[in-house]
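Peer 1: need a structure here:
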Amino acid sequence: MSNTTYTFAEVGSDDSAPIVISEVNKKLLEIQRTADLGGSPAEIRGEGIVLLKNFSKGTTNSGKPKFSGTIVNQEEAKFNVWNSSSAYEYFEQLPPDAQPRVVQISYTLSKYGFVINSISDANGYNPDVFIYRKYSVKEIVAEFKNTLDASGISANATSVIRAVMHMDYNDNVSRRLVQEYAAYSHHDNCASGLLAHTTKCIRVYNGIKGAYAFLDDEKVNDLMVIGLALHDIGKIYEMHDGVYQSNSFLTHRGLGFEHLLGFKKLISGLYDEEFFYMLCSVVLQHHGEFGENPRTLCALLVHIVDDVEAQLTSLDELLENDAVTVDASGAKIKFNGMYLNVLRG
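Peer 2: Okay, here's the model as predicted:
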């Protein structure tokens, strides 16, 4: 990853300014709040340069074809493209692997969200300057190591994690682990989000395990911490900078299991074969009812910790971005289809 810094003036090839997504999101919130209060918000139109992160084809509620996806300039915004616009033709001609790319767009903000009306390629821009770096690689790597130290795992567990994560090598596996996103569109869907999510999962576990006697067993504790450290390792093959790759149909669970198979001899030697397959069950079954149901206790526990951490991070991000609506009863946040009252300081 390049450490070179750029200004937009240096990389831009025309007079168009980058769209300030943070301001767009604020305007969208204002429009939504007005609509929630029964008003008729005015449409806002604009144009500029953004990074097209991802897109996919779908249908509207009435069954008409559309495209939707994500644009980026430090922050992210979701967009739609209706089939009546010239932008629709642009997306129709793009191959799925044509993302991310820097584009010039015109758009409309309304109660229907962010709608792209026209779009074309914007040459001469470095995509990296559009990406927000929420986490410092150096700091999150140090925090991950400190969190492992605080977990009380054995030397064998440390050896397994270091080997499977290629922590002693500067190769594609280790680089992807510190750069990849944790998700496509929700919790920690940002650069280095994968390692941040992994670290927070272990921190959540460290905070609760003291209350439960069965987690005092060294072998169980080792399995839990290794499982939490490796449960999402397949995402380095499933995605690249948060964009799904051509093999993503196997999911990160299957791809993570494939990666883990290369370490069967090492793990079975340090523990035993049952331990190895218990670890495999964590990687394959940690999505619980949203994937393959857990068949081991540790797979279930990793699923619970993983889900709790992801939801708390999603809530934290919503509140940090002030993504609340206001009506006569006060401030509310929409989460998992529910409107929840928020105590605001």
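Peer 1: what sits up against the biggest helix by length in the chain?
Peer 2: In the chain, with assignment by DSSP state H, the single longest helix is helix 297-320. Contacts of helix 297-320 with the rest of the structure, by C-beta atoms under 8 Å, 6 or more residues apart in numbering, involve 182-183, 186-188, 197, 200-201, 204-205, 220, 223-224, 227-228, 231-232, 278, 281-282, 284-288, 294, 324, 333, 335-336, 342. Placement of C-beta: from N, CA and C, glycine included.
Peer 1: over to stretch 28-37?
Peer 2: So stretch 28-37 is contacted by 40-41, 44, 77, 109-111, 113-114, 322-323, 325-327 (C-beta under 8 Å, 6+ apart).
Peer 1: make CSV out of those residues and add secondary structure and neighbour count.
Peer 2: As requested, the contacts of stretch 28-37 are exported to CSV (DSSP: H, G, I helix; E, B strand; the rest coil; neighbours: other C-beta atoms under 10 Å):
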residue, secondary structure, neighbour count
40, coil, 7
41, coil, 18
44, strand, 15
77, strand, 21
109, strand, 21
110, strand, 16
111, coil, 14
113, strand, 15
114, strand, 23
322, coil, 12
323, coil, 15
325, strand, 17
326, strand, 14
327, strand, 12
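Peer 1: distance to residue 243 and pLDDT added to those residues, as CSV?
Peer 2: Converted to CSV, those look like this (distance: C-beta to C-beta, whole Å; pLDDT from 0 to 100):
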residue, distance to residue 243, pLDDT
40, 37, 88
41, 32, 88
44, 28, 94
77, 16, 89
109, 25, 95
110, 27, 93
111, 29, 89
113, 21, 92
114, 19, 95
322, 27, 74
323, 24, 74
325, 30, 73
326, 35, 69
327, 37, 69
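Peer 1: out of those residues, which comes closest to residue 238?
Peer 2: Comparing these against residue 238 with C-beta to C-beta picks out residue 77 as the nearest, at 23.6 Å.
Peer 1: distance of that closest one relative to residue 248?
Peer 2: 23 Å (C-beta to C-beta, to the nearest Å).
Peer 1: swap in residue 100?
Peer 2: Residue 100 is 16 Å from residue 248, by C-beta to C-beta.
Peer 1: and the contacts of helix 297-320, which are buried?
Peer 2: For those, a neighbour count by 16 or more other C-beta atoms under 10 Å gives the buried set as 182-183, 187-188, 197, 200-201, 204-205, 220, 223-224, 227-228, 231-232, 278, 281-282, 284-288, 294, 324, 333, 342.
Peer 1: per-domain residue ranges of the chain.
Peer 2: In terms of domains, the chain is parsed into 8-130, 137-319 (source: automatic domain parsing).
Peer 1: which stretches of this protein have low pLDDT?
Peer 2: 1-15, 96-97, 99, 326-329, 344-345 (pLDDT under 70).
Peer 1: now do the end-to-end distance for stretch 166-177.
Peer 2: For stretch 166-177, the first-to-last residue distance is 9 Å (C-alpha to C-alpha, to the nearest Å).
Peer 1: now do that stretch: everything it contacts.
Peer 2: Under C-beta under 8 Å, 6+ apart, the answer for stretch 166-177 is 1, 161, 162, 165, 194, 195, 233, 236, 240.
Peer 1: taking the residues you listed, please make a PyMOL selection of just the buried ones.
Peer 2: Provided next is the PyMOL selection string for whichever of these are buried by 16+ other C-beta under 10 Å:
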select buried, resi 161+165+194+195+233+236+240
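Peer 1: could I get the contacts of stretch 166-177 in TSV, plus columns for secondary structure?
Peer 2: Listed next are the contacts of stretch 166-177 as TSV, based on DSSP: H, G, I helix; E, B strand; the rest coil:
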residue	secondary structure
1	coil
161	helix
162	helix
165	coil
194	helix
195	helix
233	coil
236	helix
240	strand
